[in-house]
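Student: Sequence plus predicted model, see below.
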Amino acid sequence: MTGHGHERALPTKHVLRALLWGGAGMLLPLPWIAMQFNSTEVNWDGFDFLVFGTMLAIACGACELAMWASRSHAYRFAAAIAVGTGFALVWINLAVGIIGSENNAENLVYAGVLAVAAIGAAFARLRPAGMARAMVVTASVHALTGVYGLAIGSIEAGVSAVVFVAAWLASAWGFHRAARVVGQD
């Protein structure tokens with residue numbers, strides 16, 4: 001603690017890593033536990049667990065990359081929002097789909113949203129100002145998917161787009177704050 005009296009010590013990188021990977025490890029068996037109580041609603045096979053485990057590993061790896069890329073709490077928070085948003089987008093599409101059911105090929109438009117985010121991050125070289133711009137572009141592309149969904153009659157696509165666009169923009173705001181701290185604006 002410094003002499004200012006209003007700052008709190010934040011968890012160390014090691015504590016955050018333990019929480020991150022430990023949390024993922026605790027999430028993985030939850031569907032199996034749910035299957036013990038209700039076999040009709042949750043019915044996973046080995047492939048489902050493999051996909052979920054892979055998704056968790058990718059999300060945790062992306063958060064690790066963010067911890068490596070910056071010491072800024074705003075940057076790490078923005079990255080966590082972006083990773084969580086991407087994770088939720090994939091998870092919802094695999095589970096129930098956004099446009100129609102999970103088997104509807106039109107849901108592949110959301111792969112484009114994730115591609116924009118990933119390509120934007122690569123072009124930004126994970127720098128905060130570039131990441132802020134990449135998240136704004138990702139939000140814009142996601143908004144277009146909502147318009148597309150509404151145009152083909154999917155109210156769910158339009159409604160969910162509002163939530164996802166807000167999350168992508170929250171991430172952009174966090175990256176923008178991180179960029180201002182390091183003087184990248």
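Tutor: Done, it's in. This structure is a prediction, so every number in the text was calculated from the model and none was measured.

Student: all contacts plus neighbour counts: C-alpha atoms, from now on.
Tutor: Will do.

Student: Output the lowest mean pLDDT helix or strand found in the protein.
Tutor: helix 13-27 (a mean of 86; mean pLDDT, DSSP states H and E).

Student: So which bits of that helix are buried?
Tutor: Across helix 13-27, burial judged by 16 or more other Cα atoms under 10 Å covers 17, 20-21, 24.

Student: try stretch 154-167
Tutor: Neighbour-count burial for stretch 154-167 flags 154-155, 157-158, 160-161, 164-165, 167 (criterion: 16+ other Cα under 10 Å).

Student: related to what we said a few turns ago, output the buried residues of helix 13-27 as TSV; include the columns distance to Val136.
Tutor: Shown next, in TSV, are the buried residues of helix 13-27 (distance: Cα to Cα, whole Å):
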residue	distance to Val136
Arg17	28
Leu20	26
Trp21	28
Ala24	28
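
Student: can you tell me which of the buried residues of stretch 154-167 are in helices?
Tutor: Residues of these located in helices (DSSP state H): 155, 157-158, 160-161, 164-165, 167.

Student: And what about Asn103, helix, strand or coil?
Tutor: Under DSSP: H, G, I helix; E, B strand; the rest coil, Asn103 falls in the coil class.

Student: okay, among the ones in helices among the buried residues of stretch 154-167, which ones form the most distant pair?
Tutor: Ile155 and Ala167 (19.0 Å; Cα to Cα).

Student: Ala129 contacts Gly174, doesn't it?
Tutor: No. Counting by Cα atoms under 8 Å, Ala129 stays clear of Gly174, with 10.0 Å between them.

Student: Looking at those two, which is more packed in?
Tutor: Neighbour count, other Cα atoms under 10 Å: between Ala129 and Gly174, Gly174 has more, with 27 against 22.

Student: any idea how far that one is from Ala82?
Tutor: Noted for Gly174: a distance of 10 Å to Ala82, by Cα to Cα, to the nearest Å.

Student: Check Trp32 too.
Tutor: Trp32 is 27 Å from Ala82, where distance means Cα to Cα.

Student: quick revisit: contacts for whichever helix or strand comes after the least confident helix or strand of the chain next, please.
Tutor: Once the chain leaves helix 13-27, the next helix or strand it forms, by DSSP states H and E, is helix 30-37. Residues outside helix 30-37 that contact it (Cα atoms under 8 Å, 6 or more residues apart in numbering) are 41-44.

Student: Understood, closing this out.
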